[in-house]
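Q: model this:
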Amino acid sequence: MRTVSEDDLADILGTRESTTLEFKRTAKREGKRGDAIANAVCAMANDLCGSGGGDILVGVDDHGEPVEGVDTTDRALLALTDLRDDGRILDRPSLTVRAARFKGKPVVHLRVEASAAPPVRCEGVIWVRPGPTTRRAGREDERVLSERRRAKDAPFDTQAVARATRDDLDLDLFQRSYLPSMVDPDVIEENGRPLGVQLSSCHLATPEGVPTALGLLTIGIDPSSGIPGAYVQFVRYEGADLDAPIADEQELRQNLIGTAARLEPLLRSNLRTRMVGEGFRETPHPDYPLEALREICMNALMHRNYETSYAPTRIVWFDDRIEVTNPGGPFGQVRDDNFDRVTDYRNPSLAAALKGLGYVNRFGRGIGRVRAALERNGNPPAEFQVDDSSWAVTLRRAA
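A: Sure thing, here's the model as predicted:
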């Protein structure tokens, strides 16, 4: 009895390209702009035809014939799997990659699941597949994808916020900062898309113009007015426990763009730096690496539970340690024993926005970057505490 992985994909998927099947001779970059395979993954995730996703076969020509010399090594498969996490495709696609056979010859099979929150972009462009070719989406395609998102049981961050209106959004911030970061400039200029279509296409509002949770969080004038827990509480103690005098206490209630702008100088101003001698040279040595602090804080804002908790993200700074706590325990396939190796997203569109805005470097690499930064700076390892309803990390001061 043959397993699924041993079946010939020509018998399962067919031998002609269609809305859900695309052939590529190689995994190399093709076309005048960008990566043709990444564009195809984006199109399959958008699933314009409503088939639940699609398949891409690398090692098959346009006529449906397998080619020779296809690289199916683990290294080649991992390079394609990286499309899921490198941040070019936003929202992050659900993608699996494996070696397979097509007409008896080796190929690479990419299976792409339909996104729960379309439209999906690749390097700022929405790609769709209305027939056997992949192309840029038009205005009507975007409308269809936005309507489909509304009809699905979408994640909380793309759902409408009750009683919110467009007046709750900073539209100047959207035009000045958000849109240029998320959408290809050529797309912004073409077709004269009205503001409402642009907001809906970016998941910031419904097609009817009601702001989503993502809209309030990223460009809202006061996100906590519609999402009560959407703020950061910062407390600095002059001591090592909660009975110590408070040196500084602030609440950051701006949208995430404004919060990030305030958070970095706030963290930097509380760092203490000493000079460490190495021969005749002295170099500055902070008690905490700013890179680790930034990564921890943005990770907390990205993964926290905004839907059912009114608690803020808390940054509590003691003389000997920093504690960052966040409402929202493990989500999806993440558990308390694998959170540092497995990635899932409670707020997938928010994660995409933070990546597009430059606050997240790569998906799934945050904890590794924190650990490396602490080690380089001479700090003890970060201490994580994860339970069903919360996530916390403690950073110890460098000796």
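Q: Show me the shaky parts of the stretch 51-200 of the chain.
A: For the stretch 51-200 of the chain, the stretches flagged by pLDDT under 70 are 150-153, 188-192.
Q: tell me the strands in it, going along the chain?
A: Here the stretch 51-200 of the chain has its strands, by DSSP state E, counting those that start in this stretch, at 53-58, 89-90, 95-102, 105-113, 121-122, 125-128, 135-136.
Q: Repeat that for the stretch 201-350 of the chain.
A: Taking DSSP E, counting those that start in this stretch as the criterion, the stretch 201-350 of the chain carries its strands at 232-237, 246-252, 273-278, 281-286, 313-317, 321-327.
Q: follow-up on the earlier one: V276 is nearest to which of the strands of the stretch 51-200 of the chain?
A: The stretch from these with the least distance to V276 (CB to CB) is strand 89-90; that distance is 40.6 Å. For every residue, glycine as well, the C-beta is placed using N, CA and C.
Q: Comparing the strands of the stretch 201-350 of the chain, which yields the minimum mean pLDDT?
A: Note on the strands of the stretch 201-350 of the chain: strand 273-278 shows the lowest mean pLDDT, a mean of 74.
Q: D35 is nearest to which of the strands of the stretch 51-200 of the chain?
A: With distances scored as CB to CB, the stretch of these nearest to D35 is strand 121-122 (7.8 Å).
Q: Excluding sequence neighbours, find me the nearest residue to D248.
A: Take D248 and drop its neighbours on the chain: the residue closest to it by CB to CB, 6 or more residues apart in numbering is R236, 4.1 Å away.
Q: Would you confirm that the one you found contacts N270?
A: Yes - with contact taken as CB atoms under 8 Å, R236 and N270 are classed as touching, separated by 5.9 Å.
Q: what touches both of those two?
A: A shared contact of R236 and N270, defined by CB atoms under 8 Å, 6 or more residues apart in numbering, is any residue touching both; here these are 248, 317.
Q: Can you give me the neighbour number for the residue nearest to D248?
A: Look at R236: counted by other CB atoms under 10 Å, it has 20 neighbours.
Q: Kindly report the same for T259.
A: The number of residues near T259, taken as other CB under 10 Å, comes to 23.
Q: go on, T394?
A: 16.
Q: I'd guessed it sits against E383; true?
A: Yes - applying CB under 8 Å, one finds T394 in contact with E383, separated by 4.3 Å.
Q: domains in this structure, as residue ranges please.
A: Residue ranges for the structural domains of the chain, counted by automatic domain parsing, are given in the record as 4-135, 155-225, 232-396.
Q: Give me the neighbour count for D388.
A: 8.
Q: What of the one 5 residues further on?
A: By the other CB under 10 Å criterion, the neighbourhood of V393 contains 20 residues.
Q: wait, doesn't it sit right on E295?
A: No - taking CB under 8 Å as the contact criterion, V393 and E295 are not neighbours in contact, 10.2 Å apart.
Q: Mutual contacts of those two, please.
A: Where contact means CB under 8 Å, 6+ apart, the residues bridging V393 and E295 through contact with each are V370.
Q: low-scoring pLDDT stretches of the stretch 201-350 of the chain, where are they?
A: In the predicted model, the stretch 201-350 of the chain carries pLDDT under 70 at residues 277-280.
Q: For it, just list every one of the helices.
A: When assigned using DSSP state H, counting those that start in this stretch, the helices of the stretch 201-350 of the chain occupy the ranges 213-219, 256-270, 290-303, 348-356.
Q: name the helices or strands packed onto the last one?
A: Secondary structure elements in contact with helix 348-356, counted by 3 or more CB pairs under 8 Å, 6 or more residues apart in numbering; DSSP states H and E, are strand 89-90, helix 179-182, helix 213-219, helix 256-270, helix 290-303.
Q: Take those and lay them out in JSON lines including distance to H203.
A: As requested, those are exported to JSON lines (distance: least, CB to CB, whole Å):
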{"stretch": "strand 89-90", "distance to H203": "10"}
{"stretch": "helix 179-182", "distance to H203": "10"}
{"stretch": "helix 213-219", "distance to H203": "5"}
{"stretch": "helix 256-270", "distance to H203": "14"}
{"stretch": "helix 290-303", "distance to H203": "15"}
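Q: if you compare those, which one is most tucked away?
A: helix 213-219 (a mean of 29; mean count of other CB atoms under 10 Å).
Q: what sits up against that helix?
A: Applying CB under 8 Å, 6+ apart, the set of residues contacting helix 213-219 is 156-159, 161, 164, 168-171, 173-174, 178, 199, 203-205, 223, 226-227, 230, 255-257, 306-307, 347, 349-350, 353, 357.
Q: so C297 sits right up against L263, yeah?
A: Yes - using CB under 8 Å as the test, C297 is close enough to L263 to be in contact (6.0 Å).
Q: list residues touching both of those two?
A: With contacts defined as CB under 8 Å, 6+ apart, the residues shared by C297 and L263 are V232.
Q: quick one on the thing from earlier: dump the domains of the chain to JSON lines, plus distance to R143.
A: Converted to JSON lines, the domains of the chain look like this (distance: least, CB to CB, whole Å):
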{"stretch": "domain 4-135", "distance to R143": "10"}
{"stretch": "domain 155-225", "distance to R143": "7"}
{"stretch": "domain 232-396", "distance to R143": "18"}
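Q: Show me the one of those that comes nearest R148.
A: That would be, of those and by CB to CB, domain 4-135, which comes in at 6.0 Å.
Q: Next, the buried residues of stretch 64-81.
A: Within stretch 64-81, the residues that qualify as buried are 64, 66, 70-72, 76-77, 80-81, counting by 16 or more other CB atoms under 10 Å.
Q: ok, now stretch 78-98?
A: When neighbours are counted by 16+ other CB under 10 Å, the buried residues of stretch 78-98 are found to be 80-81, 83-85, 87-93, 95, 97.
Q: CA-only coordinates of it, as PDB, when you get a sec.
A: Output of stretch 78-98 as PDB, limited to C-alpha atoms (Å, rounded to 0.1, in the frame of the first residue of the first chain):
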ATOM      1  CA  LEU A  78      14.500  24.700   3.500                       C
ATOM      2  CA  ALA A  79      15.200  27.600   1.200                       C
ATOM      3  CA  LEU A  80      11.700  27.400  -0.200                       C
ATOM      4  CA  THR A  81      10.200  26.900   3.300                       C
ATOM      5  CA  ASP A  82      11.800  30.200   4.200                       C
ATOM      6  CA  LEU A  83       9.200  32.000   2.200                       C
ATOM      7  CA  ARG A  84       6.900  31.400   5.100                       C
ATOM      8  CA  ASP A  85       9.000  33.300   7.600                       C
ATOM      9  CA  ASP A  86      11.200  35.900   5.800                       C
ATOM     10  CA  GLY A  87       8.500  38.600   5.800                       C
ATOM     11  CA  ARG A  88       8.200  39.200   2.100                       C
ATOM     12  CA  ILE A  89       4.700  37.700   2.100                       C
ATOM     13  CA  LEU A  90       2.300  39.300   4.500                       C
ATOM     14  CA  ASP A  91       0.100  38.000   6.200                       C
ATOM     15  CA  ARG A  92       2.400  35.100   6.800                       C
ATOM     16  CA  PRO A  93       1.300  32.200   4.600                       C
ATOM     17  CA  SER A  94       0.500  28.600   5.700                       C
ATOM     18  CA  LEU A  95       2.900  26.700   3.500                       C
ATOM     19  CA  THR A  96       4.400  23.200   3.400                       C
ATOM     20  CA  VAL A  97       7.300  22.100   1.200                       C
ATOM     21  CA  ARG A  98       8.300  18.500   0.400                       C
END
